[in-house]
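Chemist: Fold the following, please.
(2 chains)
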Amino acid sequence: MSGTALWVAVLAASIGCYLLKLAGLSVPPSWVEQPWVARIVDFVPAALLGALVAVQAFTSGQQLVIDGRLAGLAVAAVALALRAPFIVVLVLAGAAGALVHVLWA
Amino acid sequence: MSSAVRSATVRDAIGLGLAVGLYGAAFGAAADAAGLNLWQTVTLSALMFTGASQFALVGVLGAGGSALAAVGSALLLGTRNTVYGVRLVPLLKPRGVLRRLGTAHWVIDETTALSIAAPDRGLARLAFLTGGGSIFLTWNLMTVVGALGAAALTGPALAALDAVVPAAFLALLWPRLRSGFPEAAVQRRVAAGGAVVALGLTPVVPAGVQVIAAVVAVALAGRPRPRQEVST
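Modeler: Below you'll find the predicted structure:
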């Protein structure tokens, strides 16, 4: 993707996200507090983040793959279940991924 | 309000700000891995300033997705900040256009949680400002550190970075799945559904589209429940 296209994506998404924040402070609460709207907004993050975890861990282009990222994800899940701080989770996941790379390379 | 309560509020807010802000390094590294240059990365942290959307944008771009799919994912994740804003208005009562424009920039998961948890309105404002300020500063600083650091990586360190990105998304998702979060079991079902939809579509749709399509998993949440107070 060209640098210009990247800049367009960066700026459009940034301005859009800012306007979504501003809308919350500006629109009548009744618009957002419709039961169906609230229901959807409550669950959109789980659906998208679940998808992003899967796509980042198990795909490469249009292929489904299993590699060192799976080890990193498993280690991260254990660390999160043990209530480790964010940074510790990421460092352990990275170490697991690097270890698999070294062992298999 | 007593000064002890005030300083406890400030301490908690700054503590959370520093802890969350460190995570900016992971974002900077992920953005570099996705092919964004330093200025694009820095612009996202300064201007978008909402972690999940920033990660989604660079995650979809890094997976080879189109700009449209990347922007769409970021905006879908950004809708929750609209709901946060609605909850914050009675607490913060931002008066005047300028104050409202400024307040909006810092409406994110963490500042909302801090403000709602504060015992009164004065402390809610204090928590919002100190928490927002410390997160904003640390997040932007660590974004630069992460982006510059990742650019210098090679070999096993690059494999480490590859493994950090999915772990970062899991860490963003995790608090919603933990018992104690409202309807955690339903959140887990929706998250698993989103993952299945995305993986199922990966071989057949252009990269990035599967992430947006995964939003259909929200249907697994079912009808709205009788009104109950949902905290963040």
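Chemist: how many other residues sit next to the residue nearest to residue B:151 when sequence neighbours are not counted?
Modeler: Spatial nearest neighbour of residue B:151, excluding adjacent residues (CB to CB, 6 or more residues apart in numbering or on different chains): residue B:32 at 5.3 Å. Where C-beta positions appear, they are placed from N, C-alpha and C, glycine not excepted. Residue B:32 has 24 neighbouring residues, counting by other CB atoms under 10 Å in any protein chain shown.
Chemist: For residue B:32, give me its contacts.
Modeler: B:38, B:41, B:146-147, B:150-151 (CB atoms under 8 Å, 6 or more residues apart in numbering or on different chains).
Chemist: any idea where the helices of chain A begin and end?
Modeler: For chain A, the helices defined by DSSP state H cover A:3-26, A:29-32, A:35-58, A:68-81, A:86-104.
Chemist: same question, chain B
Modeler: B:3-22, B:24-33, B:38-43, B:51-62, B:67-92, B:97-105, B:109-117, B:121-151, B:156-177, B:184-201, B:209-213.
Chemist: Is there contact, residue-wise, from the fifth one to chain A?
Modeler: Think helix B:67-92. Yes: residues of helix B:67-92 are located near chain A by CB under 8 Å from any CB of the partner chain, namely B:67, B:70-71, B:73-86, B:88-89.
Chemist: Next, find the distance separating the residue in chain A positioned nearest to chain B from residue B:82.
Modeler: Across chain A, the shortest distance to chain B (CB to the nearest CB) belongs to residue A:24, at 1.9 Å. With distances taken as CB to CB, to the nearest Å, residue A:24 is found 4 Å from residue B:82.
Chemist: Overlap in contacts, these two.
Modeler: residue A:32.
Chemist: Neighbours of residue B:175, how many?
Modeler: 15.
Chemist: Kindly report the same for residue B:219.
Modeler: 12.
Chemist: ok, now residue A:15?
Modeler: Neighbour tally, residue A:15, other CB under 10 Å: 12.
Chemist: next one: residue B:191
Modeler: Neighbour tally, residue B:191, other CB under 10 Å: 28.
Chemist: pretty sure residue B:16 contacts residue B:114?
Modeler: Yes: counting by CB atoms under 8 Å, residue B:16 does reach residue B:114; the two are 6.6 Å apart.
Chemist: With neighbour numbers in mind, choose between those two.
Modeler: residue B:114 (24 against 19).
Chemist: how far away is the more buried one from residue B:92?
Modeler: For residue B:114 relative to residue B:92 (CB to CB), the value is 11 Å.
Chemist: where do the contact lists of those two overlap?
Modeler: residue B:128.
Chemist: coming back round to it: the contacts of residue B:32, buried ones only, as a PyMOL selection?
Modeler: Here the buried members of these are turned into a PyMOL selection, burial being counted by 16 or more other CB atoms under 10 Å in any protein chain shown:
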select buried, chain B and resi 41+146+147+150
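Chemist: Between the contacts of residue B:32, which sits nearest residue B:96?
Modeler: Closest to residue B:96 out of those is residue B:41 (32.6 Å), distances taken as CB to CB.
Chemist: Spatially, what comes nearest to residue 63 if we skip its sequence neighbours?
Modeler: I'll assume chain A. Looking at residue A:63 with CB to CB, 6+ apart, the closest residue is residue B:203, at 7.4 Å.
Chemist: that's the other chain; I wanted chain B
Modeler: Closest to residue B:63 by CB to CB, 6+ apart is residue B:207, at 5.0 Å.
Chemist: which ones are touching the one you found?
Modeler: Per CB under 8 Å, 6+ apart, neighbours of residue B:207: A:61-62, B:60, B:63-66, B:69.
Chemist: Can you give me the separation between it and residue B:214?
Modeler: 13 Å.
Chemist: Considering helices and strands only, name the one in chain A with the lowest mean pLDDT.
Modeler: helix A:29-32 (a mean of 82; mean pLDDT, DSSP states H and E).
Chemist: Can you point out the buried residues in that one?
Modeler: In helix A:29-32, counting by 16+ other CB under 10 Å, buried: residue A:32.
Chemist: what helices or strands is that helix leaning on?
Modeler: Applying 3 or more CB pairs under 8 Å, 6 or more residues apart in numbering or on different chains; DSSP states H and E, one finds that helix A:29-32 contacts helix A:35-58, helix B:67-92.
Chemist: what's the angle from the first one to helix B:24-33?
Modeler: Same thing as helix A:35-58. Helix A:35-58 runs at 70 degrees relative to helix B:24-33, counting by axes from the mean of the first three to the mean of the last three CA atoms, to 10 degrees.
Chemist: Find the residue ranges of the chain scoring beneath the pLDDT cut-off.
Modeler: Went with chain A since none was named. A:105 (pLDDT under 70).
Chemist: my bad, chain B
Modeler: B:1, B:227-232.
Chemist: any chance of the helices and strands packed on helix A:29-32 in a markdown table, plus distance to residue B:177 and mean neighbour count?
Modeler: Listed next are the helices and strands packed on helix A:29-32 as a markdown table, based on distance: least, CB to CB, whole Å; neighbours: other CB atoms under 10 Å in any protein chain shown:
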| stretch | distance to residue B:177 | mean neighbour count |
| --- | --- | --- |
| helix A:35-58 | 8 | 24 |
| helix B:67-92 | 16 | 23 |
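Chemist: Tell me which of the ones you listed approaches residue A:8 most closely.
Modeler: That would be, of the helices and strands packed on helix A:29-32 and by CB to CB, helix B:67-92, which comes in at 6.3 Å.
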